[in-house]
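Engineer: With the input below, show me the fold.
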Amino acid sequence: MIVEIARRRKSIRKFKPDRFDINILFECIDAAKEAPSGSNAQPWHFVIVEDFALKEKLREVCESGERKFYSHVRGELAEWLHSKGLSWQKPFLTDAPYIVAVFAYKKAPYSRESVWIAVAYFLLALEEKGIASLTYTPPNRDEVAELLKCPPEYRLEVLIPTGYPDEQKVKEPRKGLDEIVSLNYFGEKM
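Structural biologist: Numbers count the residues shown, from 1 in each chain. Okay, the predicted model is just below:
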């Protein structure tokens, strides 16, 4: 049942290097392409990165952007990042056997929203297959897109490392329905 898969899915940052059958990714992308999209434009494009040398370059470019980001972050976000043990270092970009880059066709109506719906389908399909994932949005997406030879009419939305988890992680708690649902008007309790 879809709700059970959604409750099970969590972000993983430590991956085993073991490869899995790449056809699993194709099956999950096949599910993702069924997502609704503005004007049925289907504005998504998926790039699967498996080449280790390219993953090393991706990591180098992303970590360069992250160093700049982390040098300026302050306040609550800085505290939250520190509490989770997160830093500019992104080893998951070379540890995961595959990185899936998801792009949006900029000229399509509601391209960003449509692509993120497809990403959600993709994440749930991966979880159903027993493959862990992380949605990672580098701060320097244009540089990453250039590295992946993205045409100018597309925009990188997310990098998704995929693989078998190499960490035991408890899913972060979720808010209750009473905290996120109103009836008729915002703030009206159910």
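
Engineer: what does the average pLDDT come to for the lengthiest strand in the chain?
Structural biologist: In the chain, with assignment by DSSP state E, the single longest strand is strand 154-163. For strand 154-163, mean pLDDT rounds to 98.

Engineer: tell me which strands and helices that strand is in contact with?
Structural biologist: In terms of contacts (3 or more Cβ pairs under 8 Å, 6 or more residues apart in numbering; DSSP states H and E), strand 154-163 is packed against helix 92-95, strand 98-105, helix 111-128, strand 132-133, helix 141-147. Where you see a C-beta, it was placed from the backbone N, CA and C, and this is true even at glycine.

Engineer: can you redo those as JSON lines with mean neighbour count, mean pLDDT and distance to residue 67?
Structural biologist: Below are these laid out as JSON lines (neighbours: other Cβ atoms under 10 Å; pLDDT from 0 to 100; distance: least, Cβ to Cβ, whole Å):
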{"stretch": "helix 92-95", "mean neighbour count": "20", "mean pLDDT": "98", "distance to residue 67": "14"}
{"stretch": "strand 98-105", "mean neighbour count": "22", "mean pLDDT": "98", "distance to residue 67": "20"}
{"stretch": "helix 111-128", "mean neighbour count": "20", "mean pLDDT": "98", "distance to residue 67": "26"}
{"stretch": "strand 132-133", "mean neighbour count": "25", "mean pLDDT": "98", "distance to residue 67": "24"}
{"stretch": "helix 141-147", "mean neighbour count": "17", "mean pLDDT": "98", "distance to residue 67": "13"}
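
Engineer: most centrally placed residue in the protein?
Structural biologist: Centroid-nearest residue in the chain: residue 135, 2.0 Å away (criterion: Cα atoms, centre = their mean).

Engineer: Contact partners for that residue?
Structural biologist: Applying Cβ atoms under 8 Å, 6 or more residues apart in numbering to residue 135 gives the contacts 11, 119, 123, 158, 160.

Engineer: Pull the most distant pair out of these.
Structural biologist: Using Cβ to Cβ, the contacts of residue 135 reach their maximum pairwise distance at 11 and 119, which is 12.8 Å.

Engineer: re earlier: how much space between the residue nearest to the centre of the chain and residue 151?
Structural biologist: Remark: distance between residue 135 and residue 151 (Cβ to Cβ, to the nearest Å) = 23 Å.

Engineer: what does residue 159 give?
Structural biologist: 18 Å.
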